[in-house]
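> 3D, please:
(3 chains)
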Amino acid sequence: MDLAQRIRRRRRRGADRPIVLDYEPLNPVAHVQEPVGRGPVLERVLDHLDPVFEGTLPPDVYVWGPSGSGKSAIVTALFDRLQSMTVQPHAVIHTSTRAQTVELPTFVYVDARVANSEFQLYHRVLEAVSSDDVPQQGVSTAELRSRLQDTVGGSSGVVLAVDHVDEPESLTTAQLTEWFEPFGHTVSLLLVGRTPGEDVHGEWPDEEIEIPGYGQQVLIDVLMTRGSDGLARDALQHSQARKIASWAGGDAHDALAALFGAADRADAAGVERIRDEDVETGIDAVPSPCVPLGVVLSLRANRQRVLRELLDLDSDERASVTTTTKAIAGIDNIDLSPGTVKRFLYELAERGVVERVSASQADGHGRPPSRVEPRFPTLVFRRLYDLHRHE
DNA sequence: GATCCACGGGAATACACGGATG
DNA sequence: CATCCGTGTATTCCCGTGGATC
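Have a look, this model is predicted:
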């Protein structure tokens, strides 16, 4: 348990809520220090990175696996650790075979959902590599690239992980390889995506690592472990974890989202243990198909605001896109015009965050209305959004 | 002045339906 | 009967503006 977690627990205890001690371990997008049950996969990624301990950079690699298979968890945990080794004074590794030391490259992790332009990408990397501040505006993309080239050229190289490639509104493998082509062998890419390599980019020239989905038992372990980190003692029963795991079909994101929802519900009810009905509620609050929570949380603030308000509307306010629009734009201090709210809703539908459901029958004139349904874990989003607004 | 980006507004287009038209 | 038209709605699309920084 780290310090931040200890403090969060104390704060929660003060709130007189018996079940949830800390929401973070239940958060599907939380970064964990030690991913549970992913040892073999970690080993394979480490095998690939092995050359860095000999002083050279590994070739580019494409890591892929189904949603909720722990890709982000593995890569963030690994890069966090490797990065801290680089920053620490003992960044120099003494190899046993040769009495000589090697310098580790810089390890940088970038989420392409957040850094989704060439400029943003260079910015993140540059900020990680050089210790100075890097301007966000007023400097051209080309300028940033050449600054980055200068900086990287004089260093021992960069291993750059780019997560969530080839999603809508993020970056493609083609773009990334093109942008870093001029960097030659000073930057090694580790791209993380969901689809098999051959499907997206026919001739990916380099290695790839496949990450399989979680098995049933392992997923139950994940739930029990995270549950015991975040919940009061014995609040979650093994049979309940089993039920969630079997519903989730190996998807740890969906499973954790359901557990989060269940715990939140039980917490609000003031009971001491999660009830089976809470599990039901938690599962129901995760639609299928479900867009990853990370997609929602990387949306711009105003769009998240609209989604948050959407969750509080009653059903006749959600009868059509237009009435939904009016209801949301009419809320005090929302500060968005109806036209803009409406455009947001259509944009969000395009990204799969909400789904348009057209009414079966038109009553009266005009094109039949359609309403929007959330396609993200509603209880989790609501709780996390409200928590972060109050801090 | 150049640069990137977020934001907001609304025009333009597509669609569904009932009823008028040839 | 086939087609067109008007109306009201849904959906898409484009572009200007302004903040902030170098």
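> Just give me how far the strand or helix carrying residue A:267 sits from the chain centre.
Taking DSSP states H and E as the definition, residue A:267 sits inside helix A:252-269. How far helix A:252-269 lies from its chain's middle: 17 Å, per CA atoms, centre = their mean, to the nearest Å.
> tell me the mean pLDDT over that helix?
Per-residue pLDDT values across helix A:252-269 average out to 96.
> do stretch A:110-119 and DNA strand C meet?
No - if you take CB under 7 Å from any atom of the strand as the test, stretch A:110-119 misses DNA strand C, and the best it gets is 11.6 Å. All C-beta spots, glycine's among them, are computed from the backbone N, C-alpha and C.
> Which residue ranges of the stretch 101-250 of chain A form helices?
Defined through DSSP state H, counting those that start in this stretch, the helices belonging to the stretch 101-250 of chain A, from first to last, are A:118-129, A:141-153, A:173-180, A:197-200, A:216-230, A:238-248.
> what's next to the longest one, contact-wise?
So that's helix A:216-230. With contact meaning CB atoms under 8 Å, 6 or more residues apart in numbering, helix A:216-230 is reached by A:1, A:5, A:20-26, A:36-37, A:214, A:235-236, A:238, A:241-242, A:244-246, A:248, A:250, A:252, A:255-256, A:259, A:263.
> distance of residue A:73 from DNA strand C?
Using CB to the nearest atom of the strand, to the nearest Å, one gets 34 Å for the distance from residue A:73 to DNA strand C.
> what sits against that residue?
Shown in contact with residue A:73 (CB under 8 Å, 6+ apart): A:31, A:32, A:35, A:38, A:252.
> what's the burial count for the last one?
Residues near residue A:252, counting by other CB atoms under 10 Å, number 26.
> again with the one 5 residues further on
Other residues within reach of residue A:257, judged by other CB under 10 Å, total 32.
> ok, and the closest non-adjacent residue to it?
Distances taken as CB to CB, 6 or more residues apart in numbering place residue A:377 nearest to residue A:257, at 3.8 Å, with adjacent residues excluded.
> Confirm for me that the one you found is in contact with residue A:289.
No - when contacts are counted by CB atoms under 8 Å, residue A:377 is not listed as touching residue A:289 (11.9 Å).
> which one of the two has more residues nearby?
Set side by side, residue A:377 and residue A:289 show unequal neighbour counts under other CB under 10 Å, the larger going to residue A:377 at 27 against 9.
> contacting residues for that one?
Per CB under 8 Å, 6+ apart, neighbours of residue A:377: A:28, A:254, A:257, A:258, A:260, A:261, A:285, A:286, A:287, A:290, A:293.
> about what we covered before: and the contacts of residue A:73, which of them are buried?
The neighbour count (16 or more other CB atoms under 10 Å) marks A:32, A:35, A:38, A:252 as buried among the contacts of residue A:73.
> ok and the residue in the stretch 51-200 of chain A nearest DNA strand C?
Among the residues of the stretch 51-200 of chain A, residue A:138 lies nearest to DNA strand C; the distance is 2.3 Å by CB to the nearest atom of the strand.
> Could you measure from the closest residue to residue A:32 other than its chain neighbours over to residue A:253?
The shortest distance from residue A:32 to any non-neighbouring residue, by CB to CB, 6+ apart, is to residue A:73 (5.8 Å). Noted for residue A:73: a distance of 10 Å to residue A:253, by CB to CB, to the nearest Å.
> And residue A:118, by the same measure?
For residue A:118, the distance to residue A:253 - CB to CB - is 28 Å.
> And residue A:25, by the same measure?
For residue A:25, the distance to residue A:253 - CB to CB - is 14 Å.
> one step back: out of the contacts of residue A:73, who's nearest DNA strand C?
Nearest to DNA strand C among the contacts of residue A:73, counting by CB to the nearest atom of the strand, is residue A:31 at 28.1 Å.
> Give me the spatial nearest neighbour of the closest one, chain neighbours excluded.
residue A:76 (4.8 Å).
> That neighbour - that's part of a helix, no?
Yes - inclusion of residue A:76 in a helix is indicated when DSSP: H, G, I helix; E, B strand; the rest coil is applied.
> If I look at it, what pLDDT would I see?
At residue A:76, the pLDDT value in this model is 95.
> Correct me if wrong: it contacts residue A:107.
No - counting by CB under 8 Å, no contact exists between residue A:76 and residue A:107, whose distance comes to 10.8 Å.
> what about the two, which has more around it?
residue A:107 (24 against 21).
> For that one, give its distance to residue A:159.
With distances taken as CB to CB, residue A:107 is found 5 Å from residue A:159.
> Could you do residue A:326 as well?
When CB to CB is applied, the distance between residue A:326 and residue A:159 equals 50 Å.
> Repeat that for residue A:127.
16 Å.
> Residue A:106 too?
7 Å.
> what's the answer for residue A:148, then?
Where residue A:159 is concerned, residue A:148 sits at a distance of 15 Å (CB to CB).
> Also residue A:369?
As defined by CB to CB, residue A:369 lies at a distance of 51 Å from residue A:159.
> These two - which one has more neighbours?
Residue environment comparison for residue A:369 versus residue A:159 gives the larger neighbour count to residue A:159, 24 against 17, counting by other CB under 10 Å.
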